[in-house]
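Visitor: model the following, please.
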Amino acid sequence: MAMEGIIAKGKEIFTSTCAGCHAGGQNFSKGDKTLQKDDLERFVGLDQAKVEKFFKGSFVHSRVVGSKLIDQEVTDVVTYVIDQAANEKW
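Guide: Okay, here's the model as predicted:
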């Protein structure tokens, strides 16, 4: 799948699964750890594998969405989040 397709799929999943807490790249439960470029770089970086590993080890993944997302969907969402953050699209 082309990058544009992955990002579009990631956006769709993010909107339906993640936006309740992370709309606009914010974090409504931990305000200082947003999905904005500066925060991602500070806490985990903008590397796809590192962000996926961080997410899969997080409370949110294990308690909230873990059973809802397969690995490819996690990859798609992380690709979308990194694209939004790195290109300051939030």
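Visitor: return the helix or strand in the protein with minimum mean pLDDT.
Guide: helix 59 (a mean of 68; mean pLDDT, DSSP states H and E).
Visitor: surely Lys50 and Glu41 touch.
Guide: No - with contact defined as C-beta atoms under 8 Å, Lys50 and Glu41 do not form a contacting pair (10.8 Å). Glycine gets a C-beta too; all of them are placed from N, C-alpha and C.
Visitor: now do the longest helix anywhere in the chain: which elements does it pack against?
Guide: When the chain is parsed with DSSP state H, its longest helix is helix 71-86. On a contact count with 3 or more C-beta pairs under 8 Å, 6 or more residues apart in numbering; DSSP states H and E, helix 71-86 meets helix 3-13, helix 37-43, helix 48-56.
Visitor: could those go into TSV alongside distance to Asp83, mean pLDDT and mean neighbour count?
Guide: Shown next, in TSV, are the helices and strands packed on helix 71-86 (distance: least, C-beta to C-beta, whole Å; pLDDT from 0 to 100; neighbours: other C-beta atoms under 10 Å):
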stretch	distance to Asp83	mean pLDDT	mean neighbour count
helix 3-13	5	97	15
helix 37-43	11	95	15
helix 48-56	10	92	16
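Visitor: in CSV: these, plus distance to Cys21.
Guide: Converted to CSV, the helices and strands packed on helix 71-86 look like this (distance: least, C-beta to C-beta, whole Å):
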stretch, distance to Cys21
helix 3-13, 14
helix 37-43, 14
helix 48-56, 13
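Visitor: out of these, which comes closest to Trp90?
Guide: helix 37-43 (8.3 Å; C-beta to C-beta).
Visitor: who touches the closest one?
Guide: 32-33, 46, 51, 54, 81-82, 85-86, 88 (C-beta atoms under 8 Å, 6 or more residues apart in numbering).
Visitor: and if we set it to 7 Å?
Guide: 33, 46, 85-86, 88 (C-beta atoms under 7 Å, 6 or more residues apart in numbering).
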